[in-house]
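Engineer: From the sequence below, what's the structure:
(one chain, ligands or ions: 1)
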Amino acid sequence: MSHGVLSYVAAIAATSGLLSHVLVFMRRDLDSNSHQLLIVANLVVLLKPVALVIRGWSWFDAILISIVADICYTTALFASIALYRAFFHPLRNYPGPFWARISVFWKVKHFQQSGFKAFRVIDGLHKRYGNIVRVAPRQLSINEPEAYQMVYGAQSQCHRLRWLEDRPKNIQFLADVEEHSSRRKIWDHGLSAKACQSSHLSQMNDISQRLCTRLSISKGNPTVINDICHHFTFDVMGQIGFGQSYGQLESGKSHPAITKVERFMKAGVIVTQMMWVVTLLMVIPGLDDPMKDLKDWAKQLLDERANTRQLEEKGEDEKDLMSYVEESKKLTNTRHPMTDEVFAEDAVLLQVAGSDTSYSVLVNLCHYFANYPKLQEIIRKEVLATFPEDDTKGPVWSKLSSAKECPYLDATVNEVLRRHAPVPMGMLRESPDHAINIAGHVVPPKTIVSCPIWSLQYDERCFKDPDAFIPERWLDKSHPDSQAELVLDKRGFVPFSVGPMNCAGKYFAYMEIKIFCAYVLKSFTITFPEGKTGKSEEDLETKQARDKEHASGTEDYLTQGAPRTEVCFQPLAVQ
Ligand code: HEM
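Structural biologist: Okay, here's the model as predicted:
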């Protein structure tokens, strides 16, 4: 075979590489079609030499020509993609690391190297490059207070990523606004203030009593609170979500599902940056659906739940959350029927979203209670006043939930939610088919955008002295201790996100957190172990340094991995 033939093949292949970039890769959504692309690529690579042999070439020549063609095609394709992304892409003028322009692997590598501190990577980029940063070839991170509503709010022109649209999925992956809205109404019903008060509250009280029994076993000795808080929120969700008792608070042993959730969430930080990988994992037979382990567990849990429910007739007040979600099966106006598979996915979402988020708030609260004993004492007084004489039914929720009756409790929970966002990174959204303006920045069509919650909640444009733990900033102006002037822009406080796809469990979460505080502070004084003091007389600088060190241990698995926190629960004399 002559050199001329190979040069000719190389030229054709390189031109095809360029053309396929311009005509196919630049225009198609590869996140949802990566499996088709892989199949086509494999077929072309494998069938090419066969076709040449059929046309009369020898096997040697056919394979040689194919290899030359493949190398030239892929080199031209990737060179074209890289050049386009670096110098011609509509986002080319936005600042950011050079390699982040070229490939999403820059972000993946740095997220991985950060040791599960992805939110710090994004925060670091904003500190270096400014409020709008190109963090991946077609992704902008926007850290502007007014941008948050524009990206996630009710009037937003952006939408969730339209990925594998034909596949039914759990509510948090739904991009279709109408389908999301009809399923979301059902969730809102189960998690409404009415349902929380009439049905979920009494169960939360029961579980909190079990929590106090567990804490009393530690007899005031140093206790790592992370597992206990995880057991509490996981048990709450098992009981209220599924009517099942996991019994972790009694046994002190973690449910095997906790490890599965952890593994899934850790992988999630990385793979959700590359939805095309998720598509491959889900669609190609033989590869593992990343949610499989958890879905199998959820299916088993739902079976057990169905069996238990057949044995006991449940009244309206004892409906578990999954009974509400189950109503979605009756919806007729949605594109996708609610299959058992999707029901299991929603079950996983409920268990994870409902426990992994609140857990970190409880751990962080314990740190601040130990570090600020005077604050702890003030809140103890507030919560004690909410318990009636016959306290077997628990605190009076209308008092405990009121910012008027328990101002410091309310303010402290909010300050912890600000300083330790349970969902630290911004959720991904996509801009529409036309360019839009977000907070003064022109965002080209089909750009992925996100607003980093952690960074925004530490932004000096929104909060004066953002690094300091100052609950008083959340006290109402009429309160004598109020430092409301430290909140410069409330739009910077978005722990539950905003808009029609915000957190469905916000009311439930506040209830769970405040009930936890009420029970724990009624029964125990929280201190640091000997050596680590957290004494009232300690100067503020020492306390703030300890807060900073505590925050530095925060990790990010899509939800927050709370820093390891060791405290003592000294039993209080019975009130
Ligand atoms: C402090 C605790 C919590 C925080 C900070 C939190 C935060 C969030 C955030 C930021 C989102 C994403 C919203 C979006 O995609 O724009 C979300 C979604 C969600 N959360 Fe929470 N969450 C908490 C607790 C809970 C609890 C206790 C439950 C259930 C009992 C829950 C159920 C959900 C559900 C179902 C979604 C998906 C909503 C949808 O797609 O419509 N969350 N949460």
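
Engineer: Now for L215: which residues touch it?
Structural biologist: T223, I228, V520, S523, F524, F569 (C-beta atoms under 8 Å, 6 or more residues apart in numbering). Placement of C-beta: from N, CA and C, glycine included.

Engineer: and if you look at K535?
Structural biologist: By C-beta under 8 Å, 6+ apart, K535 lies in contact with P373.

Engineer: hang on, the earlier thing: out of the contacts of L215, who's the most crowded?
Structural biologist: For the contacts of L215, the largest number of neighbours (other C-beta atoms under 10 Å) sits with F569, at 26 neighbours.

Engineer: any idea whether it is helix, strand or coil?
Structural biologist: strand (DSSP: H, G, I helix; E, B strand; the rest coil).

Engineer: how near is the residue of the stretch 51-200 of the chain found nearest the ligand to V342?
Structural biologist: Nearest residue of the stretch 51-200 of the chain to the ligand, counting by C-beta to the nearest ligand atom: Q172, 4.0 Å away. Computed as C-beta to C-beta, to the nearest Å, the Q172 to V342 distance reads 12 Å.

Engineer: Comparing the two, which residue is more hemmed in?
Structural biologist: The neighbour count for Q172 versus V342, taken as other C-beta under 10 Å, is higher for V342 (21 against 15).

Engineer: Show me the helices in the stretch 201-350 of the chain, by range?
Structural biologist: Along the stretch 201-350 of the chain, the segments classed as helices by DSSP state H, counting those that start in this stretch run 201-217, 225-236, 242, 248-251, 256-271, 275-283, 292-311, 321-326, 340-371.

Engineer: List just the one of these that sits closest to the ligand.
Structural biologist: Proximity to the ligand (C-beta to the nearest ligand atom) singles out helix 340-371 among the helices of the stretch 201-350 of the chain, at 3.4 Å.

Engineer: So the closest one, near the ligand or not?
Structural biologist: Yes. Using C-beta under 6 Å from any ligand atom, helix 340-371 reaches the ligand at L349, A353, G354, T357, S358, V361.

Engineer: Save those residues as TSV, and put in distance to L23, neighbour count and pLDDT too.
Structural biologist: Below are these laid out as TSV (distance: C-beta to C-beta, whole Å; neighbours: other C-beta atoms under 10 Å; pLDDT from 0 to 100):
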residue	distance to L23	neighbour count	pLDDT
L349	38	21	92
A353	41	22	93
G354	46	24	93
T357	44	22	95
S358	49	27	97
V361	50	26	98
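
Engineer: what bits of the stretch 151-300 of the chain have low per-residue confidence?
Structural biologist: 285-290 (pLDDT under 70).

Engineer: Which one of the residues of helix 340-371 next to the ligand is nearest to T565?
Structural biologist: Distance to T565 across these (C-beta to C-beta) is lowest for V361, with 12.0 Å.

Engineer: just checking, the closest one touches H420?
Structural biologist: Yes. The pair formed by V361 and H420 meets the contact definition of C-beta atoms under 8 Å, at 7.1 Å.

Engineer: where does the closest residue to C503 other than its chain neighbours fall, helix, sheet strand or coil?
Structural biologist: Of all residues not flanking C503 in the chain, F496 sits nearest, at 3.8 Å (C-beta to C-beta, 6 or more residues apart in numbering). Under three-state DSSP, F496 falls in the coil class.

Engineer: Quick one: neighbours of F496, just the number.
Structural biologist: F496 has 19 nearby residues by other C-beta under 10 Å.

Engineer: OK, contacts around it?
Structural biologist: Neighbouring residues of F496 by C-beta under 8 Å, 6+ apart: N502, C503, K506, A509.

Engineer: residues near the residue lying closest to L400 once chain neighbours are set aside, how many?
Structural biologist: In space, and not counting its chain neighbours, L400 is closest to T386: 4.4 Å by C-beta to C-beta, 6+ apart. Around T386 there are 22 other residues, counting by other C-beta under 10 Å.

Engineer: how near is the nearest residue to P422 once chain neighbours are set aside to G4?
Structural biologist: Leaving aside its chain neighbours, P422 sits nearest to T357 (4.1 Å; criterion: C-beta to C-beta, 6+ apart). According to C-beta to C-beta, T357 and G4 sit 65 Å apart.

Engineer: Same question for V363.
Structural biologist: For V363 relative to G4 (C-beta to C-beta), the value is 70 Å.

Engineer: What residues of stretch 524-544 count as buried?
Structural biologist: Within stretch 524-544, the residues scored as buried using 16 or more other C-beta atoms under 10 Å are F524, T525, I526, T527, F528, T533, G534, K543.

Engineer: Likewise for stretch 371-386?
Structural biologist: Buried-residue list, stretch 371-386, by 16+ other C-beta under 10 Å: N371, Y372, P373, L375, Q376, I378, I379, R380, E382, V383, T386.

Engineer: what's the offset of that stretch from the middle of its chain?
Structural biologist: Averaging C-alpha positions (C-alpha atoms, centre = their mean, to the nearest Å) puts stretch 371-386 31 Å from its chain's average.

Engineer: what's it in contact with?
Structural biologist: Against stretch 371-386 from outside (C-beta under 8 Å, 6+ apart): 368-370, 395-396, 399-400, 405-409, 412, 469, 471, 517-518, 521-522, 525-528, 534-536, 543, 546-547, 550, 575.

Engineer: Filter the residues you listed down to just the ones in strands.
Structural biologist: Residues of those located in strands (DSSP state E): T525, I526, T527.

Engineer: which of these lies closest to the ligand?
Structural biologist: Checking the ones in strands among the contacts of stretch 371-386 one by one against the ligand (C-beta to the nearest ligand atom), the nearest turns out to be I526, at 19.6 Å.

Engineer: what pairs with the closest one across the strands?
Structural biologist: F569 (DSSP bridges).

Engineer: Tell me if I'm right that it and C517 touch.
Structural biologist: No. Look at I526 against C517 with C-beta under 8 Å: they stay out of range, at 10.2 Å.

Engineer: where's stretch 440-454 relative to the chain centroid, distance-wise?
Structural biologist: 18 Å.

Engineer: For S103, the count of nearby residues, please.
Structural biologist: Look at S103: counted by other C-beta under 10 Å, it has 16 neighbours.

Engineer: list the contacts for it?
Structural biologist: Residues near S103 by C-beta under 8 Å, 6+ apart: A82, R85, A136, P137.

Engineer: Could you give me the ChimeraX syntax to select whichever of those residues are buried?
Structural biologist: Applied in ChimeraX, the following selects the buried portion of those according to 16+ other C-beta under 10 Å:
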select :85,136,137
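
Engineer: among the contacts of S103, which two are most distant?
Structural biologist: Across the contacts of S103, no pair lies farther apart than A82 and A136, at 13.7 Å, counting by C-beta to C-beta.

Engineer: what does the particular helix or strand that has F78 in it contact?
Structural biologist: Assigned by DSSP states H and E, F78 falls within helix 59-83. Around helix 59-83, the neighbours that count as contacts under C-beta under 8 Å, 6+ apart are 1, 5-6, 9-18, 20-22, 25, 45, 48-50, 52-53, 57, 102-103.
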